[in-house]
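Q: for reference, the sequence and a predicted model appear below.
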Amino acid sequence: MFAWLVDNGWLIWLVVFLGLAVVEMLTLGLYFILMSVGALAAMVAYFLHADFTLQVVVFCVVAAAMTIFIRPVAMVHLRRGPADLLTNVDRLIGRDAVVVETIGAAGGRVKIGGDVWSARAASGTELAAGTPVVVSAIDGATAVVTSTTAAPTAGA
């Protein structure tokens, strides 16, 4: 049995590689896939006729180096995304809306896209129904809005 393992050591490293890759697919932590690169390096060491102990050392060193040096850089790049991929209520900030129920001291309602939201004015002033507004923030389930109608300018 041991002689078979020595003659087919590449198969052991291939199984370790595939096993770690499967675990990575289940966890998505970008940890096990880097360890699987260590298994590939150990398989290369096998094909270069390295002793089994050296193969294990290659596996450990490459897996540790990948985890220490590559994972932090990769995680930064994975977490960073384009600004146009805003999600949830962040997508609503800056969108145009229309007041459907007068916004006063007790609040009111605005229509953002096809949805009606409770709203309050950012300035604290009253906004009449039909007034065009822009969503400046979302506070819980309330849209904080600012009027888009400008005061008339002199000479206009």
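A: Yep, that arrived.
Q: Gly19: what's it in contact with?
A: Contact partners of Gly19, counting by Cβ atoms under 8 Å, 6 or more residues apart in numbering, are absent. Any C-beta I mention is one placed from the backbone N, CA and C, and that applies to glycine too.
Q: please identify which helix or strand holds it.
A: helix 9-27 (DSSP states H and E).
Q: pull the residues that contact the helix or strand immediately after that helix in the chain.
A: Using DSSP H and E, the helix or strand that follows helix 9-27 in sequence is helix 32-47. Here helix 32-47 makes contact (Cβ under 8 Å, 6+ apart) with 9-10, 13-14, 16-18, 20-21, 23-24, 54-56, 58-64, 66-67, 70-71.
Q: among the residues you listed, the buried ones, what's the ChimeraX command?
A: Provided next is the ChimeraX selection string for whichever of those are buried by 16 or more other Cβ atoms under 10 Å:
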select :9,13,16,17,20,24,55,58,59,62,63,66,67
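Q: ok so, going back, and the helix holding Gly19, average pLDDT?
A: Mean per-residue pLDDT for helix 9-27: 93.
Q: wait, is Val145 part of a helix?
A: No - using DSSP: H, G, I helix; E, B strand; the rest coil, the assignment for Val145 is strand, not a helix.
Q: many thanks, I have nothing further to ask.
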